[in-house]
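What shape does this take:
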Amino acid sequence: MADKAQAKAPAVTAKPRGTGVLTMFTMKGDPIKALTGFKLPAGAHVAIVSEKPESVSAIRKSVRGRVARVTEVIERAPRLTRVERKPLVDNSAFEPDARSRAMLEGVRIAQQDLRDAGGAYDLEEVRTLMRGVSRQAIDKRVQDGSLLAVPGPSNRRSYPTLQFNRDGTVVPGLKAVREALQTRNSWTVLNFLSQPDVRLGNRKPIELLRSRQLDLVLEAARRHGEQGA
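As a prediction, this is how the structure comes out:
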């Protein structure tokens, strides 16, 4: 039975014997007046329901000694499901766009080219191959294009192994190939050198450079550069 502080009418609950079903009746008007002279059937119970603490206190005093049980039910606000919750951070703002994804894919392809070409040496290994040449000399050759270097771990230079002969010397013609390709991008140069070229009978340019067929490689490089321009 609800008190007058509620916006709804009082309720009476009744549980007939043997049915196992709890039925609730909502009464109109003042519940005390409504129940005056009303005889409850066997097995029926009256429940007084209130949501306000002050009403609960008043009811406790007025019905003291005449109630069988007092139960407090705390109803919490329903939690939002994961779908309903709004994230504090909009994750979509951090997703790379198509151009950024293409750049990332380009790096992956370049790294695969390096892997397929036999990997790379670090600076000290190159110095060993080149019989102790100074770091300054190596840096100068990288700058003029006669030695190929790509960004490696921690952004340190790495030197693709395919450009070295078995005796540790550098395959000749790398500078001319870079100029014919019209690029200073070392990954582009590596890709050209390591991939079979239809203009060279599906042979790799680096193989022809080792056999001193520079002119054929340069012609293919020029046409490759024109296509990429």
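
per-residue confidence for the most centrally placed residue in the chain?
With the centre of the chain defined as its mean C-alpha position, the nearest residue by CA atoms, centre = their mean is Glu95, 7.7 Å away. On the pLDDT scale, Glu95 is placed at 87.

how near is it to Arg101?
According to CB to CB, to the nearest Å, Glu95 stands 9 Å off from Arg101. Backbone N, C-alpha and C define where each C-beta goes, glycine included.

Repeat that for Ser158.
From Ser158 over to Arg101 the distance is 25 Å, taken as CB to CB.

Looking at those two, which one has more neighbours?
Just comparing Ser158 and Arg101: by other CB atoms under 10 Å the higher neighbour count belongs to Ser158, 20 against 11.

I'd like the secondary structure assignment at the more buried one, please.
Taken by DSSP: H, G, I helix; E, B strand; the rest coil, the conformation at Ser158 corresponds to strand.

try the one 4 residues further on
Here Leu162 is recorded as helix under three-state DSSP.

Now the closest residue to it other than its chain neighbours, what are its backbone angles?
Nearest non-adjacent residue to Leu162, counting by CB to CB, 6 or more residues apart in numbering: Ala117, 4.5 Å away. Ala117 adopts backbone torsions of phi -80, psi 0, taken as degrees, to the nearest 10.

how close does Arg108 get to Ser186?
For Arg108, the distance to Ser186 (CB to CB) stands at 16 Å.

Have a look at these two and say which one is more surrounded.
Neighbours were counted for Arg108 and for Ser186 using other CB under 10 Å; Ser186 has more, 20 against 9.

For that one, list the residues it contacts.
Residues in contact with Ser186 (CB atoms under 8 Å, 6 or more residues apart in numbering) are 148-151.

I'd like the distance between it and Val150.
Counting by CB to CB, the gap from Ser186 to Val150 is 5 Å.
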